[in-house]
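# Provided below for reference: sequence and predicted model.
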Amino acid sequence: MIGLLENTLRARYPEVVGSLSDGIQCDDGWLDILNALFSEITKHCKGLGIPIPRARQVKEKTGSLRCYLSSKDDFIAGLIQMSEEISGKTCEVCGEPGLMDVENNVVQVRCLRHGARTEAERERSTTIWRLESNRPASIERRVPGMTEEGAHLWILDLLNEVADDYCVKHATGFRVNAVRQGDGLQFEARGADQRLDGMMAMTSAFWKRRLL
Ligand SMILES: [Zn+2]
C-alpha cells in the first residue's frame with residue numbers, strides 16, 4: 001500500500017521528493033494532502049522564479065503529517081502548517097474525515113471504518129489525554145463556516161481555528177468575508193499576510209483534490 005503513495009508523488013514531484021532517502025513514511029490516506037502540498041509548493045516557486053525546496057523528511061509523527069524541507073518562506077510555512085492540521089482530521093488509511101485518538105499509547109487518525117472509537121466510547125474511556133486545544137475559540141469567526149452556496153464544510157471550521165490561533169499570537173486583522181466553491185475554494189479575504197495566504201491556498205488545493 002505504501003507503494004502507491006510513494007510512486008505517485010515521486011513521479012509527479014521529482015524536484016521535491018526525488019532525493020528523499022528515507023521515503024515517505026505515512027499511509028496512503030494522506031495522498032491527497034501531499035499531492036496538494038507539493039503541487040502548491042511547486043506552483044509558488046515557479047511563479048516567483050525561486051528554487052523548489054527539497055523534502056528532507058516526510059512522515060507521520062504523533063498522529064499527524066510532518067514535512068521538513070531544505071528551505072521555506074512564509075507562504076510555504078503556511079502551506080505546511082495547514083497540511084499538518086488537515087492530516088490531524090484525515091484518516092491515514094483511506095483519506096476520509098477521521099478523529100485523532102490514542103490507542104495503546106499510539107496517537108493516530110482513523111475514520112470509524114478503520115478503527116476510530118465513537119465519541120461515546122471515547123467519553124467512557126479512562127484515557128487522560130485530551131487532544132482538543134484548551135484555548136477557547138474566539139466568539140467572532142475569522143472564516144465563515146459556510147460557503148456562499150450554503151455548504152457547511154468542516155475544512156472551513158479547521159481553517160478558522162488555525163487562522164484565529166495564528167492571529168491571536170501575531171495580532172493581524174485577518175478576515176474572510178466570503179468563501180465560494182468552484183476550482184477548489186475561493187477566499188475573499190482582507191488583512192492576510194504570506195503565512196495566511198499559504199494556509200488558504202493549502203485549504204483550497206486540498207479541497208479540490210478531494211473532489212477529483
Ligand atoms: Zn479510514
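Arrived safely.
# contacts and neighbour counts: CA atoms only from here.
Noted.
# the ion contacts on the protein?
When proximity is defined by CA under 5 Å from the ion, the chain lies next to the ion at 91, 94, 111, 114.
# nearest to Gln186 among these?
Cys91 (25.2 Å; CA to CA).
# surely the closest one meets Gly98?
Yes - the criterion here is CA atoms under 8 Å, and Cys91 meets it with Gly98 at 4.6 Å.
# which neighbouring elements make contact with the helix or strand hosting Asn7?
Here Asn7, judged by DSSP states H and E, is contained in helix 2-12. Other helices and strands packing on helix 2-12, by 3 or more CA pairs under 8 Å, 6 or more residues apart in numbering; DSSP states H and E, are helix 31-48.
# give me the residues contacting the helix it packs on.
Under the contact criterion CA atoms under 8 Å, 6 or more residues apart in numbering, helix 31-48 has outside partners 5, 9, 13, 16, 51-52, 76, 79-80, 83, 86-87, 95, 201-202, 205-206, 209-210.
# from Ala163, how far out is Met200?
9 Å (CA to CA, to the nearest Å).
# so for the residue nearest the centre of the chain, what's the nearest residue that isn't a sequence neighbour?
By CA atoms, centre = their mean, the chain has its centre lying nearest to Ser83, at 2.4 Å. Nearest residue to Ser83, sequence neighbours excluded (CA to CA, 6 or more residues apart in numbering): Ile33, at 6.3 Å.
# the one you found: neighbouring residues, count only.
25 (other CA atoms under 10 Å).
# what's the answer for Asp157, then?
Counted with other CA under 10 Å, Asp157 comes out at 17.
# what is in contact with Cys91 and Gly98 at once?
Joint contacts of Cys91 and Gly98 (CA under 8 Å, 6+ apart) are 109-111.
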